[in-house]
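Asks: Predicted model, plus sequence, below.
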Amino acid sequence: MAVSLRTLTSSLVFLCLLLSFTEAREMLVGGKADAWKIPLSESDSLNKWAESSRFRIGDYLVWKYDGGKDSVLQVTKEAYHSCNATDPVAMYKDGNTKVKLGRPGPFYFISGAKGYCEQGQKLIVVVLTPRHRYTAISPAPAPAEFEGPAIAPISSATSIKAGLVTLGLSVLALF
């Protein structure tokens, strides 16, 4: 009975992890309802929030703001940098805006209220491509030039054996 309960628990944990990586999320811009405003400082910028977040295809950005005083404009890169609100890709002014991130790459948003973008009320969100998911493994560093004697390669058989032993013990722990 203990073996089947442990197997069932492991299977459920694996399924939950799998679903959490594929499920679209609704992300409140800035992490709070009143974040769509002129930032008080550079560290208060919405781009600081976006830099620390991971956005995937299918996620939604959600803005909460006073639709009578402000709006959200999705714009081109050029319009973002120049704060040009004259020809937006899309305009939202309902106060409860929800935008689907349907492709990889950057999305540019600025405030539609006169002068707000120039004061820093804007946002760039970069959506990860499916094949470039965030991993904790860094790429190998570039080879450095070294003027000393060549170093003989070390056999990797020892590390392979250690990896197999660890894998075997992990599998046995499930039962």
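Replies: Nice, thanks for sending it over.
Asks: Quick check, Ile110 in contact with Leu73.
Replies: Yes. The pair Ile110 and Leu73 qualifies as a contact (CB atoms under 8 Å) at a distance of 5.2 Å. Quick note: C-beta positions are derived from backbone N, CA and C, even for glycine.
Asks: Show me whatever sits in contact with both of the two.
Replies: With CB atoms under 8 Å, 6 or more residues apart in numbering applied, the overlap between the contact sets of Ile110 and Leu73 consists of Ala85.
Asks: In a helix, Ile110, correct?
Replies: No. In this structure, Ile110 is strand, not part of a helix, as judged by DSSP: H, G, I helix; E, B strand; the rest coil.
Asks: got the contact list for it?
Replies: Applying CB under 8 Å, 6+ apart, we find Ile110 in contact with Leu73, Val75, Ala79, Tyr80, Cys83, Ala85, Tyr116, Cys117, Gln121, Lys122, Leu123.
Asks: Distance check, it against Arg131.
Replies: From Ile110 over to Arg131 the distance is 30 Å, taken as CB to CB, to the nearest Å.
Asks: residue contacts, the nearest residue to Gly102 once chain neighbours are set aside?
Replies: Closest residue to Gly102 apart from its sequence neighbours, by CB to CB, 6 or more residues apart in numbering: Ile57 at 6.6 Å. Going by CB under 8 Å, 6+ apart, Ile57 touches Leu101, Gly102, Arg103, Pro104, Val127, Leu128, Pro130.
Asks: any idea how far the third one lies from Arg54?
Replies: Between Arg103 and Arg54 the distance, using CB to CB, works out to 16 Å.
Asks: count of residues packed around the residue lying closest to Leu73 once chain neighbours are set aside?
Replies: Distance criterion CB to CB, 6+ apart; nearest residue to Leu73, sequence neighbours excluded, is Pro88 at 4.0 Å. Other residues near Pro88 come to 19 when the count uses other CB atoms under 10 Å.
Asks: hang on, the earlier thing: quick check, pLDDT for the residue nearest to Gly102.
Replies: Confidence at Ile57, expressed as pLDDT, is 96.
Asks: ok, now Asp34?
Replies: At Asp34, the model reports a pLDDT of 89.
Asks: The nearest residue to it once chain neighbours are set aside: what's it in contact with?
Replies: With sequence-adjacent residues excluded and distances taken as CB to CB, 6+ apart, Asp34 is closest to Lys64, at 7.1 Å. For Lys64, the set of contacting residues under the criterion of CB under 8 Å, 6+ apart consists of Leu28, Ala33, Asp34, Trp36, Gly95, Asn96.
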